[in-house]
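J.: here's a sequence, model it:
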Amino acid sequence: MSRFSRINFHNETVERFKKYSIKNEVNYTETLEAMLDFFESNYISPFEPFPYTNARLVHVLNKRMDAVESLLRKMEKETLEPTLTILLKLINAADPRNQKKRDYEEDDTHPDFYK
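T.: Now for the predicted structure:
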């Protein structure tokens with residue numbers, strides 16, 4: 001069985017802590033352990049300013065998403081569209097319905113006529 005010890009706190013702090021524990025429906029030891037675990041596992045110190053507020057974090061993420069979108073648009077424009085154009089030309093050239101008589105195929109003087 002674990003032993004208990006005492007720490008002196010200001011009365012206002014004790015009342016806030018009691019209300020917080022009651023609101024979360026846990027005892028005082030579990031509340032304090034959960035708080036300490038949270039700070040330790042997330043490497044957060046209550047004595048140092050928090051680097052990002054929610055609004056700042058949303059702003060940073062939106063900037064990164066804009067950069068990703070810009071990169072994808074550039075890739076599409078420079079690589080995907082030319083590749084699609086080339087593939088469509090190849091498909092149209094291979095389609096027998098699109099075969100047209102070329103001028104040299106009717107001209108018997110052209111060297112490719114006899115192939």
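
J.: residue 39 against residue 48, yeah?
T.: No - using C-beta atoms under 8 Å as the test, residue 39 is too far from residue 48 to be in contact (10.8 Å). Yep, even glycine has a C-beta here, placed from its N, CA and C like the rest.

J.: neighbour count for these two, which is higher?
T.: residue 39 (12 against 7; other C-beta atoms under 10 Å).

J.: touching the host helix or strand of that one from outside, list them.
T.: Following DSSP states H and E, one finds residue 39 within helix 28-41. For helix 28-41, contacts defined as C-beta atoms under 8 Å, 6 or more residues apart in numbering pick out 17, 18, 20, 21, 24, 26, 44, 45, 46.

J.: which of those residues fall within helices?
T.: 17, 18, 20, 21 (DSSP state H).

J.: the second one - how many residues pack around it?
T.: So the one you mean is residue 18. 12.

J.: mind giving me the domain ranges of this structure?
T.: As given by automatic domain parsing, the domain ranges for the chain are 9-51, 52-96.

J.: want to throw these into a markdown table with mean pLDDT and distance to residue 2?
T.: Shown next, in a markdown table, are the domains of the chain (pLDDT from 0 to 100; distance: least, C-beta to C-beta, whole Å):
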| stretch | mean pLDDT | distance to residue 2 |
| --- | --- | --- |
| domain 9-51 | 90 | 9 |
| domain 52-96 | 88 | 37 |
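
J.: reformat the ones you listed as a markdown table; add distance to residue 3.
T.: Shown next, in a markdown table, are the domains of the chain (distance: least, C-beta to C-beta, whole Å):
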| stretch | distance to residue 3 |
| --- | --- |
| domain 9-51 | 12 |
| domain 52-96 | 40 |
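
J.: what about residue 35, neighbour count?
T.: Neighbours around residue 35, by other C-beta under 10 Å: 13.
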